[in-house]
Every structure is written in C-alpha cells, then in structure tokens.
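# The sequence and its predicted three-dimensional model are supplied below.
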Amino acid sequence: MVTRTNDLPPFLKYDGQESFFLNSTPLSEGVGYAVVLGFGLLFSGITTILVILNRYFGDKGELTSEHFNTAGRMIKTGLTASVIVSQWTWAATLLQSSNVAWTYGVSGPFWYAAGASIQVLLFGVLAINLKKVAPSAHTVAEIVNARWGRNAHKTFLFFCFSANILVTSMLLLGGAATVEALTGMDYRLASFLIPWGVIVYTASGGLQATFLASYIHTVIIFVVLIIMIFTVYVKVYSTDQIYAFLDKTVSYTTEECQAIFSTDGTVENTFYEQGTYACGPVEGNRDGSYLTMLSADGLMFGIINIVGNFGTVFVDQSYWQSAIAARPASAARGYLLGGLCWFAIPFSLATSLGLASTALQLPITADEAGSGLVPPAVAYHLLGNGGSILVLIMLFMAIVSTGSAESIAVSSLVAYDIYREYINPEATGKQILLVSRVVVVVFGLCMGGFSILLFELGLNLGWVYLFMGIIIGPAVIPLWNLMTWKTASGTGAIIAAWSGLILGLVTWFVAAIIQGDKISVDTLGTNEVMLSGNLVSILSSGLIHYTYSKWIDPQDYDFAELDKKITLVEDDMRGLSEAEMDPVVLKEAEQWIKRRGYVMSFILVILWPLLSVPAGVFSESYFAFWVLIAIAWGFGAALIITILPIMESITEINQVLSGIFNFCTGRQAKSPAGGDEDEFSENREKVAAS
C-alpha cells in the first residue's frame, strides 16, 4: 500500500484519476477564444503598426516585391538569430521535448535539443555560400533551377512544399490539441482560427513583418521559459528534491504501480498498464533510471531527431529565406548564435517541466504525453490556471511565429517558382507582390485543414515528428551538394531524391511488418521502424547522388555563373551593393562559420554525450550541475536574444522615434539624405492614409 498525501508524490488529489485532464479543462472556452483571437489580433496590430512606422519614419523604402520577400537583404546578426530561434521553436519544441523527458528522462531533453541544433549551426555554411554564389536568389528552388534545370526544379519544389506542409501541420496539430485540452475549444475550430493572426501582418508587411513579430514572440517565449525553470527548481522544489522524486518513481514494483493507479488504492481495481504511466523502472535505461544518458531508446530518438531535422532545416524555404534576408556578415553569425540560443528552449524547458512530470508522478497517460500535454499538465499543477494560461500563450507565440515564416516561404515559392517561372515569365513587381499576398491568405486558410487531416488519420504530434524525415530527408544531401560541390550532377540529384524517398518508404513498411507483423499507425510509429526509414531515406539519397556525380555524370560547374541566371523582378539593389558582397569579407565569414559550426556540432552530438557516459546514473551533485547548465543556458540565451537585436538597431529605433516625435509636433524632419519639409509632409500624408 502506497501512502498518499497532498505534500509529496503520488498526490492524494489525483487518487483514482485515470488521466490528468480527464474530460474536464482547467480553463474556460472563453479563454481559448481570447488567446487565439485576442492575441492574434493584438500582435497583428502591433506588428503592422511597427512595419508602417519603420516604412515612413525609418528606412523610407518602398515596399517592392523584392523587399516583401527578402526584407531588403539587410537584417543584422541579433535579429537574424532571433528569427532563427522563432522559426525553429515549433509547437513540438515546447511539447514534444517534454514528452521525451517524460519517456526517457534526462537524455530526452538533451537529444531533442542537440539533435535539432546542429542543423541550424551547419546551415550557416550554406547561408554564407548562398551569399557568395547566389546573392540575388529569392528561393532555394530558384537556385536549383539556375544550376540544374527545370526537371530538378520540379523535383525539389515537391520536397520544399512537403516540408512546409508537414511543419505547419505539426504546428497546429500540437497547438490545437493543447488549446482543446486546456480550454475545451474544439481542436478543428482552433486549427482554423489560429492562422488568422498570422495572415493579417504577414500579408501586410511580408518578410520584414515576420521578422519583427518573431522577435516579439521569441522574447515572450523566453520570459515564460524563465518563469517555468524558476518555479520548478527554485520556488517550489530544488534539484535535490526532484532527484529524490525521480529515484522514487523508478523504485516502485509493478504491484505498487498498480496500487498507485487504481480506483481505490488496491491492486484488484487498478487501471495501470505498463508504458501508459510513468511508474517503475525505465526499459532500456541504465538501472531503469531517468537520471542517466545511457538510454538505448533515448539514443535512438536522438538519431531519428538528427536525421529528420536535417530535412526540416535544409529543405524548408523559410531558412533559406532568412539567409537571403540577412546581411552577408550577419548570415553566418546569426545562424550560429540562433542555433546555440535555441538549444536552451527544449533543453531547459523539458529539463524542468518534462522531468517534473515524472518526478511528481502526475497521472499523465502516454496518449496525453504523445499529444504534447506534459508542459500544460505540470504548469497547471504548479501554478494553477495561471500556469495553463502561460503555457497557452507560449504555445501560441511559437505557432504564429513559425506559421508566419512558413506562410511567407510558401508565398515566395509560388510567386517566383511557379507563377513567374511557368505562368508569367514577364511578371512585374506588382504582380509578384499580389500573388505573394494572395498565397499568404490562401495557405493560412489551408493550414488548419492539413492538421485536421492528420488528426482524423489518428496521428499525434510525436508520430508526425518522427515521420517527417522519411519524406523530406532524401533532398538534404543533394541540396548541400548544390551549394558546395562543383561536381554535383543535376540528373543525379533527381534520381537520388526520388530513389531515397522510395527506398525510405519501402524500408519503413517492411520494418513495420518484420517487427509488428502488420502495417498500422502503431507498428509504423515505433522508434526502431522510424529509425530504419529515416536513415535509409537520407543515406541512400546521399550515396546515390555521390556515386552518380562522381563516376557517371561528373560536372565541372563554375559557381561564378550561378547568380547570372537569377534575375531581380525590380531594380531593388538593397543588400546587394559591392561593399556588402566583398569577396574577402565573404571568405572570412565562410571560414568563421565552418570552424565554429563544425566544432560546436561535434561538441553537442559526440563530445558532450561521451563525457556524460562515465557518470552512469547521475549522482545528486551531478544532476544539480546538469540542471545548473540548463538554467544558465536558458538565462543567457534569453538575455542575448532580447538585448542584442535592440543594441544593433538602436540607430534605426532612434530614427523612427525621432520621426514620430517630429510628426506629432509638426517639426521638420532631419533626413540623413538631405530630406526637406516636402518629404516630411509627404510622409505625414502617407501615414495618415495608412
């Protein structure tokens, strides 16, 4: 018999409770509408106002189609890093990272964070190569077309659109499930209403609006992150208490677990099933402990995470678009800084909320964890309704920021790679701008449909997260070769991408039959089966492309010719001046990111895990040090992401504030370019019209 109190886990108030959320919700449905619609409209309004103020009091540049889709190619390091953090912070980052902590223990948050950081670090190499060889590009598919031709262009358009659709579907799949669990708002309605906050400011201001909104969203996410870390390890519990609770959780026998998860505290009336609740030893972990990096399933998840996320970075147009928008000197530094700061979100959040869920033995079921409900459950337990609201706001910020980036990415692909390439080659800037805005609206409306389709198929956030690498992984290595290897063959890239996809899918199905004797959502979703499909997809594609390019159809491509085949729609040369494109500066930036990107990737996925192996099952002091790293990383990243963009843009901020002051007082604006009262009056009229 396990004694229950409301002071120590397992808590008396959850006695006989078969799941954490049951059929009730901690918040009213009205709160769901307030967050989804209220916050959406609020941030749309704020972002739109900031874009208008910057347009008329800041750079005073015309909103051309080039600027709409590239933000003038003048984004600085801090804002680039902030945008990368924002784009890479999916609903899965906040929800799935805590799920793997609930499942595997300390190894889950680490492998989620490390396994998804190195792609951003390494993408910095592609970002600076893009600035060297294709500075005029608008999309990655446009670069493919310029080098390898239309057949390859169509092939990689398929993979790019697949990446965008999968990412947006996952955003809303996890987000809508959490909104429904916390407020009772129907997930289908939430799936359709959430994107409206994205549509308004993205269609209005384009990529620049997306970047400004992303900064605001990222700051809010870090604020909530710090609150959660502080609550778990400082305000309510300590590292020693969480350590003791985690030890206690795995010490229970099957009979004790049955008694804990029972309607009356007896084995006879139990509803406990092994694997459904966090109770007893963890299968595959050293000594069955949550407090170890020696976790077979945790490592397997890490490999799947690494492979799958190469696809969602390298094949996602939004990351190429951020590289296009950044200043050449800022591109490499922005991606490195963004990757390291992003690491803190899943690592620190899941090390607090995720581990707390198992330490406190909350009645969270495997289905709830798989749907991403671990963070809201722990937040509600610790902070009540306030915790639920904070998680809801944090999640909403992640959804709309990434959703905005995905919307502008899809609009660029459609405008430049379908409309301009195949429908209207002589398209004007106004036509491109119109198509871009229409696509933002249409794609925003379709986003909800994608997530509902996945939900109706019985697929949860965790399943889709593991699956995505099988579909988009085959495009990864050919795209890397596109930018870095002059021998790479276009025909070989086409063959490699489609062959990798087919081989990956076949392997996935065969592995499910071998392990589970049938093909079903459950048998296809196991770690071993997902790992097989992911590895075959990315590695077979890379091997085929290398073999074909090396021995069958080797090329000797002159990268100097690449940018000549890419034309601007309008004569908007912002960010393309000779000073910005100085070959010496670009060469130095390339060497800078290569050294640091490769070294940090090695540290995160090889050196750090190896150094933790001798620890075996963590001691109390080792766990305290581990948590200290998570806390310090979280606080450090929050400070950098919040302060650096403001420091770098202080001149522009002052210019806008001065312009607003002059506008309100009727004074003559002092323009750096020698502007006069006529220009000032014109701007007043424009602002009034806006």
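Perfect, I can see it now.
# which outside residues touch the helix or strand where residue 243 lies?
Per DSSP states H and E: residue 243 is located in helix 239-251. Helix 239-251 is contacted by residues 9, 105, 232-233, 237, 278-282, 288-291, 355-356, 358-361, 618, 620, 623-624, 627-628 when judged by Cβ atoms under 8 Å, 6 or more residues apart in numbering. Where you see a C-beta, it was placed from the backbone N, CA and C, and this is true even at glycine.
# again with stretch 154-167
Residues from elsewhere that reach stretch 154-167, judged by Cβ under 8 Å, 6+ apart: 90, 139-141, 144, 311-312, 315-318, 402, 406, 409-410, 413, 417-418, 450, 464, 468, 471-472, 474-475, 478-479, 493-494, 497-498.
# Now with 6 Å, please.
When contacts are defined by Cβ atoms under 6 Å, 6 or more residues apart in numbering, stretch 154-167 is touched by residues 141, 144, 312, 315-317, 406, 409-410, 413, 417, 450, 468, 471-472, 475, 494, 497.
# ok, residue 416 - contacts?
When contacts are counted by Cβ under 6 Å, 6+ apart, residue 416 touches 138-139, 142.
# now with 10 Å?
65, 69, 137-139, 141-142, 145, 427, 432, 435-436, 566, 569 (Cβ atoms under 10 Å, 6 or more residues apart in numbering).
# again with residue 606
residue 114.
# For residue 200, see how far away it is.
Going from residue 606 to residue 200 by Cβ to Cβ, to the nearest Å gives 45 Å.
# same check, this time on residue 183
22 Å.
# Which one of these two is surrounded by more residues?
Counted by other Cβ atoms under 10 Å, residue 183 and residue 200 do not tie: residue 183 has more neighbours, with 24 against 20.
# what sits against that one?
Counting by Cβ under 10 Å, 6+ apart, residue 183 makes contact with 25-36, 190, 388-389, 392.
# Mind doing that once more with 8 Å?
Counting by Cβ under 8 Å, 6+ apart, residue 183 touches 25, 27-32, 35, 392.
# thinking again about what came up before, residues touching the following helix or strand past the helix holding residue 243, excluding its own?
Beyond helix 239-251 on the C-terminal side, the first helix or strand identified by DSSP H and E is helix 254-260. Residues from elsewhere that reach helix 254-260 (Cβ under 8 Å, 6+ apart): 1-2, 10, 252, 265-267, 270, 272, 274, 277, 279-280, 361.
# what's the distance between the residue nearest the centre of the chain and residue 168?
Centrality entry for the chain: nearest residue to the mean C-alpha point is residue 88, 2.3 Å, by Cα atoms, centre = their mean. Applying Cβ to Cβ, the value for residue 88 to residue 168 is 14 Å.
# Let me see the confidence value for residue 177.
The confidence metric pLDDT takes the value 82 at residue 177.
# Report how many residues lie close to residue 56.
For residue 56, the neighbour count with other Cβ under 10 Å is 22.
# Might one say that it is in contact with residue 659?
Yes: under the criterion of Cβ atoms under 8 Å, residue 56 makes contact with residue 659 at 7.2 Å.
# on that earlier part again, which ones among the contacts of stretch 154-167 are found in helices?
Of the positions in the contacts of stretch 154-167, 141, 144, 312, 317, 406, 409-410, 450, 468, 471-472, 494, 497 sit in helices, assigned by DSSP state H.
# Of the residues you listed, select the buried ones using a ChimeraX command.
A single ChimeraX command is used to select the members of those judged buried by 16 or more other Cβ atoms under 10 Å:
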select :141,144,312,317,406,409,410,450,468,471,472,494,497
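# Name the nearest of the ones in helices among the contacts of stretch 154-167 relative to residue 179.
Nearest to residue 179, judged by Cβ to Cβ, of the ones in helices among the contacts of stretch 154-167 is residue 450 at 16.5 Å.
# Next one: residue 554 from residue 296, what distance?
Where residue 296 is concerned, residue 554 sits at a distance of 42 Å (Cβ to Cβ).
# oh sorry, the question was meant for residue 524
20 Å.
# Then residue 500?
The value you get for residue 500 to residue 296, if Cβ to Cβ is used, is 27 Å.
# which one of these two has more residues nearby?
residue 500 (27 against 14).
# What does the pLDDT read for that one?
For residue 500, the pLDDT comes out at 97.
# So which bits of the helix or strand hosting it are buried?
Per DSSP H and E: residue 500 is located in helix 490-516. By neighbour count with 16+ other Cβ under 10 Å, helix 490-516 contains the buried residues 490-501, 503-505, 507-508, 511-512, 516.
# likewise stretch 169-187?
Neighbour-count burial for stretch 169-187 flags 169-185, 187 (criterion: 16+ other Cβ under 10 Å).
# mind listing which of these are in helices?
Judged by DSSP H, the subset of the buried residues of stretch 169-187 located in helices is 169-183, 187.
# on that earlier part again, which other helices and strands does the helix holding residue 500 contact?
Counting contacts by 3 or more Cβ pairs under 8 Å, 6 or more residues apart in numbering; DSSP states H and E, helix 490-516 packs against helix 140-148, helix 150-183, helix 461-472, helix 476-484, helix 521-524, helix 527-547.
# Any chance of a markdown table for these, columns distance to residue 330?
Formatted as a markdown table, the helices and strands packed on helix 490-516 follow (distance: least, Cβ to Cβ, whole Å):
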| stretch | distance to residue 330 |
| --- | --- |
| helix 140-148 | 19 |
| helix 150-183 | 24 |
| helix 461-472 | 27 |
| helix 476-484 | 18 |
| helix 521-524 | 42 |
| helix 527-547 | 29 |
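# Out of those helices, which gets nearest to residue 127?
It's helix 476-484; of the helices and strands packed on helix 490-516, that one is closest to residue 127 (Cβ to Cβ) at 9.4 Å.
# From the contact counts, what lies against that closest one?
Packing partners of helix 476-484 (3+ Cβ pairs under 8 Å, 6+ apart): helix 107-133, helix 140-148, helix 296-314, helix 490-516, helix 527-547.
# Relative to residue 381, which of those helices is closest?
Closest to residue 381 of those is helix 107-133 (Cβ to Cβ; 18.8 Å).
# If we go by neighbour counts, what in the closest one is buried?
So for helix 107-133, counting by 16+ other Cβ under 10 Å, buried means 107-133.
# For residue 93, see how far away the closest residue to residue 311 other than its chain neighbours is.
Nearest residue to residue 311 in three dimensions, chain neighbours excluded: residue 472, at 3.6 Å (Cβ to Cβ, 6 or more residues apart in numbering). Note on residue 472: its distance to residue 93, by Cβ to Cβ, is 18 Å.
# again, but for residue 209
22 Å.
# list the contacts for the closest residue to residue 152 other than its chain neighbours?
Excluding the flanking residues, the one nearest residue 152 by Cβ to Cβ, 6+ apart is residue 490, at 4.7 Å. Counting by Cβ under 8 Å, 6+ apart, residue 490 touches 147-149, 151-152, 555.
# ok, how many other residues are close to residue 635?
17.
# Contact partners for it?
By Cβ under 8 Å, 6+ apart, residue 635 lies in contact with residue 226.
# go on, the one 4 residues further on?
Applying Cβ under 8 Å, 6+ apart, we find residue 639 in contact with no residue.
# tell me the secondary structure for it?
helix (DSSP: H, G, I helix; E, B strand; the rest coil).
# so how many other residues sit close to residue 13?
Neighbour count of residue 13, defined by other Cβ under 10 Å: 10.
# can you list the weak-confidence ranges in the stretch 201-350 of the chain?
The stretch 201-350 of the chain contains no residues with pLDDT under 70.
# For PyMOL, write a command that selects the buried ones of the contacts of residue 183.
Filtering the contacts of residue 183 down to the buried ones (16+ other Cβ under 10 Å) takes a single PyMOL command:
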select buried, resi 25+27+31+32+35+392
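# quick one: which of the contacts of residue 183 sit in helices?
If you go by DSSP H, the contacts of residue 183 have 29-32, 392 in helices.
# Serialize those to CSV and add fields for distance to residue 15 and pLDDT.
Formatted as CSV, the ones in helices among the contacts of residue 183 follow (distance: Cβ to Cβ, whole Å; pLDDT from 0 to 100):
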residue, distance to residue 15, pLDDT
29, 28, 91
30, 30, 92
31, 28, 91
32, 29, 90
392, 27, 90
